[in-house]
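Participant: can you look at this prediction? I've put the sequence above it.
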Amino acid sequence: MQPIDSQLDNRCSDFNNNRTAMMERIAHFREAEQRPAQAERERASRYRERGWLLPRERLNLLLDPGAPFIELCALAGYKLYDDQDGSGAGGGALCGIGQVSGRRCMVRVDNYAVKGGTISPAGMDKALRIQRIALENRLPVITLAQSGGANLQYATDTFAPGGLGFANQARMSAAGIPQVTVVHGGATAGGAYQPGLSDYVVMVRGQSGMYLAGPPLLKAATGEIADKEDLGGAEMHCGESGSGDYLAESDADGIRIAREIVATLPCQHAPNLPEEYADPHYPTDDLLGLIPADSKKPYDVREILARIADGSAMLDFKAQFDRQTVCGHIRIEGNPLGIIGNNGPITPKGANKAAQFIQLCEQSGTPLLFLHNTTGFMVGTEVEHHGIIKHGAKMIQAVANASVAKLSIVVGGSYGAGNYAMCGRGFDPRFIFAWPNARTAVMGPAQAGKVLRIVTEQKMARSGQVDTALLDKLENDTSAFMQENSDALACSARLWDDGIIDPRDTRKLLGMLLAICRESACTQTRKITFGVARF
């Protein structure tokens with residue numbers, strides 16, 4: 001592989017302007033991520049009086065100190081449904097991949113401190129996404145449970161997917177993936193089945209409760225009167241029913257037991273990689289000023305690769321055949337990786353080139369990284385004559401059927417069928433993240449406004465009366481709507497990605513994701529049909 005010769009001037013005014021714009025976007029999404037934590041802190045005193053640890057305190061106590069944690073879907077549901085102020089971001093839970101007792105695990109901590117941890121439709125989709133990631137990567141699942149259950153305002157939206165979540169738990173057990181649940185509070189009705197379907201259940205004395213019907217419903221249904229402890233308290237379930245496996249004395253003690261359970265699980269050992277690898281030749285900080293603040297301005301995706309690849313080195317595939325779709329081999333922290341990036345729309349040659357490259361990576365078992373920045377497939381008479389539809393279909397088929405691990409990062413625009421061809425959410429990438437400048441939509445805001453204007457103007461012309469003022473309003477309103485609903489925050493809220501990241505964290509994140517993929521490949525499992533969310 002040859003080092004990439006960067007042409008970026010990090011001292012020019014354009015670079016500084018781009019950097020300023022990117023820093024503003026980073027601050028914007030970080031502020032959105034902090035809103036649930038702020039709401040949690042505002043209510044902290046009432047929970048401390050009850051002796052409860054706050055959700056983030058529970059998470060920190062569970063994870064190995066100093067080990068990295070990849071938070072997933074932190075902005076799920078942001079300002080959707082009844083979340084007016086953004087405090088409901090995260091869908092009622094803190095989720096991610098972290099290290100527990102030296103073992104990489106999927107972790108879910110119910111955020112009871114914000115809206116009781118109730119689950120909105122976005123929260124349900126997040127739960128299903130988390131389960132899918134755990135299965136694909138064979139990660140043990142640890143749940144610190146204390147939730148108000150489904151948000152009854154949206155019960156009709158979450159009831160059926162809720163059943164799918166339970167089915168997925170059963171399938172994970174069948175696949176040999178351990179599930180550990182610490183019941184920190186009440187688990188009622190359907191919520192009782194989450195710990196019930198887990199392999200290990202820890203309950204907290206005087207604090208936990210599990211019952212199919214709580215005392216009020218029990219009295220209403222049968223006339224029987226029972227208090228919470230007799231009906232389904234921790235001592236009863238651990239001493240009589242057997243539904244609880246371990247009895248803890250406090251929140252912290254329950255988490256200690258969970259860590260000890262995980263310590264008994266076998267570790268997955270990934271194939272050895274070279275212990276030493278070269279850092280990129282160019283500073284990661286350059287990624288802040290590399291991306292033009294004006295999304296219409298082009299740049300070479302190789303400039304990104306020069307700042308994330310080992311030794312800034314790349315083996316460019318068919319570099320002369322098509323310059324708008326970039327394919328090649330790089331390494332990240334010693335991990336071999338095939339990359340596909342965009343320097344413009346996808347042409348017939350570019351689609352052909354990408355399809356062939358994907359097949360080669362599939363043949364060699366090399367994971368794929370897609371760096372999205374495209375308006376989609378090229379349109380026009382010339383490309384239609386060159387078979388853009390057929391060649392585009394070949395690329396889409398190659399992406400859909402590749403069985404190697406597929407990672408996607410939306411580093412710019414990802415529009416139309418170009419999103420599909422570059423392994424967007426609908427094509428089941430193993431992981432997909434976005435930079436804060438990312439946009440995903442059926443088409444760009446300006447194009448959407450013009451398309452509706454043209455169609456409406458033609459309709460008006462047939463009726464003999466064209467209202468220019470109305471057309472101007474339609475075009476502007478459509479463009480504004482698309483602008484608002486296609487940015488990184490809006491897309492992450494809808495779980496079109498697994499989270500927004502600071503561009504400077506890209507290399508580190510990819511290194512961890514590739515390690516997760518390598519570890520999962522070490523353990524064979526029979527194929528499981530798995531339920532997914534409604535992305």
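Facilitator: Cool, the structure landed. Numbers count the residues shown, from 1 in each chain.
Participant: could you pull out the strands for the stretch 301-450 of the chain?
Facilitator: 313-317, 325-332, 335-342, 368-374, 406-415, 431-434, 439-441 (DSSP state E, counting those that start in this stretch).
Participant: okay, now the unreliable bits of this structure?
Facilitator: The model of the chain has pLDDT under 70 over residues 270-272, 274, 523-535.
Participant: save the strands of the stretch 301-450 of the chain as JSON lines, and put in mean neighbour count and distance to Tyr154 too.
Facilitator: In this view, the C-beta of every residue, glycine as well, is placed from N, C-alpha and C. Below are the strands of the stretch 301-450 of the chain laid out as JSON lines (neighbours: other CB atoms under 10 Å; distance: least, CB to CB, whole Å):
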{"stretch": "strand 313-317", "mean neighbour count": "18", "distance to Tyr154": "47"}
{"stretch": "strand 325-332", "mean neighbour count": "24", "distance to Tyr154": "40"}
{"stretch": "strand 335-342", "mean neighbour count": "24", "distance to Tyr154": "37"}
{"stretch": "strand 368-374", "mean neighbour count": "26", "distance to Tyr154": "31"}
{"stretch": "strand 406-415", "mean neighbour count": "26", "distance to Tyr154": "28"}
{"stretch": "strand 431-434", "mean neighbour count": "25", "distance to Tyr154": "25"}
{"stretch": "strand 439-441", "mean neighbour count": "23", "distance to Tyr154": "24"}
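Participant: could those strands go into JSON lines alongside distance to Tyr246?
Facilitator: Listed next are the strands of the stretch 301-450 of the chain as JSON lines, based on distance: least, CB to CB, whole Å:
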{"stretch": "strand 313-317", "distance to Tyr246": "50"}
{"stretch": "strand 325-332", "distance to Tyr246": "40"}
{"stretch": "strand 335-342", "distance to Tyr246": "38"}
{"stretch": "strand 368-374", "distance to Tyr246": "41"}
{"stretch": "strand 406-415", "distance to Tyr246": "37"}
{"stretch": "strand 431-434", "distance to Tyr246": "32"}
{"stretch": "strand 439-441", "distance to Tyr246": "44"}
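Participant: Gln447 and Val201, how far apart?
Facilitator: Distance of Gln447 to Val201, given as CB to CB, to the nearest Å: 53 Å.
Participant: which one's more surrounded, those two?
Facilitator: Shown here are Gln447 and Val201; by other CB atoms under 10 Å, Val201 has more neighbours (27 against 18).
Participant: report the secondary structure state of the more buried one.
Facilitator: strand (DSSP: H, G, I helix; E, B strand; the rest coil).
Participant: quick check: it touching Leu247?
Facilitator: No. Val201 is beyond contact range of Leu247, at 10.3 Å (criterion: CB atoms under 8 Å).
Participant: so Leu514 touches Gly334, yeah?
Facilitator: No. Look at Leu514 against Gly334 with CB under 8 Å: they stay out of range, at 9.0 Å.
Participant: who has more neighbours out of these two?
Facilitator: Each of Leu514 and Gly334 has its neighbours counted (other CB under 10 Å); Leu514 has more, 25 against 16.
Participant: can you point out the buried residues in stretch 283-291?
Facilitator: Across stretch 283-291, burial judged by 16 or more other CB atoms under 10 Å covers Thr284, Asp286, Leu287, Leu288, Gly289, Leu290, Ile291.
Participant: other residues contacting it?
Facilitator: Stretch 283-291 has contacts (CB atoms under 8 Å, 6 or more residues apart in numbering) with 8, 10, 14-16, 18-19, 22-23, 299, 303-304, 307-308, 411-412, 435, 437, 503-504, 506-507.
Participant: one more time with 7 Å
Facilitator: By CB atoms under 7 Å, 6 or more residues apart in numbering, the surrounding residues in contact with stretch 283-291 are 8, 10, 15-16, 18-19, 22-23, 299, 303-304, 307, 412, 437, 503-504, 506-507.
Participant: how far is it from where the chain is centred?
Facilitator: Computed by CA atoms, centre = their mean, to the nearest Å, the chain-centroid distance of stretch 283-291 equals 23 Å.
Participant: and what of stretch 264-282?
Facilitator: With CA atoms, centre = their mean, you get 23 Å for stretch 264-282.
Participant: tell me the contacts of Asp64?
Facilitator: By CB under 7 Å, 6+ apart, the residues touching Asp64 are Gln99, Val100, Gly102.
Participant: filter the residues you listed down to just the ones in strands.
Facilitator: If you go by DSSP state E, those have Gln99, Val100 in strands.
Participant: how about the helix or strand containing Ala461: buried residues?
Facilitator: Ala461 is part of helix 445-463 when elements are defined by DSSP states H and E. By neighbour count on 16+ other CB under 10 Å, the buried set for helix 445-463 is Pro445, Gln447, Ala448, Gly449, Leu452, Arg453, Thr456, Glu457.
Participant: make JSON lines out of these and add distance to Tyr81.
Facilitator: What follows is the buried residues of helix 445-463, written out as JSON lines (distance: CB to CB, whole Å):
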{"residue": "Pro445", "distance to Tyr81": "24"}
{"residue": "Gln447", "distance to Tyr81": "29"}
{"residue": "Ala448", "distance to Tyr81": "25"}
{"residue": "Gly449", "distance to Tyr81": "27"}
{"residue": "Leu452", "distance to Tyr81": "27"}
{"residue": "Arg453", "distance to Tyr81": "32"}
{"residue": "Thr456", "distance to Tyr81": "31"}
{"residue": "Glu457", "distance to Tyr81": "36"}
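Participant: how close does Asp82 sit to Pro161?
Facilitator: For Asp82 relative to Pro161 (CB to CB), the value is 18 Å.
Participant: the two: who's more crowded?
Facilitator: Per other CB under 10 Å, whichever of Asp82 and Pro161 has more neighbours is Pro161, with 19 against 13.
Participant: I'd say that one and Leu128 touch.
Facilitator: Yes. With contact defined as CB atoms under 7 Å, Pro161 reaches Leu128; the gap is 6.3 Å.
Participant: is it true that Arg35 touches Ser87?
Facilitator: Yes. Counting by CB under 7 Å, Ser87 is a contact partner of Arg35 at 4.9 Å.
Participant: which among the contacts of Asp64 end up buried?
Facilitator: Using 16+ other CB under 10 Å, the buried ones in the contacts of Asp64 are Gln99, Val100.
Participant: contacts for stretch 401-414, please.
Facilitator: Taking CB under 7 Å, 6+ apart as the rule, stretch 401-414 contacts 291, 295, 304, 358, 361-362, 365-375, 422-424, 429-435, 437-440, 444, 497, 506, 510, 513, 517.
Participant: show me how to select, in ChimeraX, the buried members of the contacts of stretch 283-291.
Facilitator: Buried residues among these (16+ other CB under 10 Å), as a ChimeraX selection:
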select :8,10,15,18,19,22,299,303,304,307,412,437,503,504,506,507
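Participant: in space, what's closest to Arg302 - neighbours in sequence excluded?
Facilitator: Ile4 (5.2 Å; CB to CB, 6 or more residues apart in numbering).
Participant: what sits against the one you found?
Facilitator: Arg302, Leu305, Ala306, Ser312, Met314.
Participant: do the same with Ala127
Facilitator: Contacts of Ala127 by CB under 7 Å, 6+ apart are Gly165.
Participant: which is the succeeding secondary structure element to the helix or strand encompassing it?
Facilitator: Element membership of Ala127 [criterion: DSSP H and E] is helix 121-136. Downstream of helix 121-136, the next assigned helix or strand under DSSP H and E is strand 141-145.
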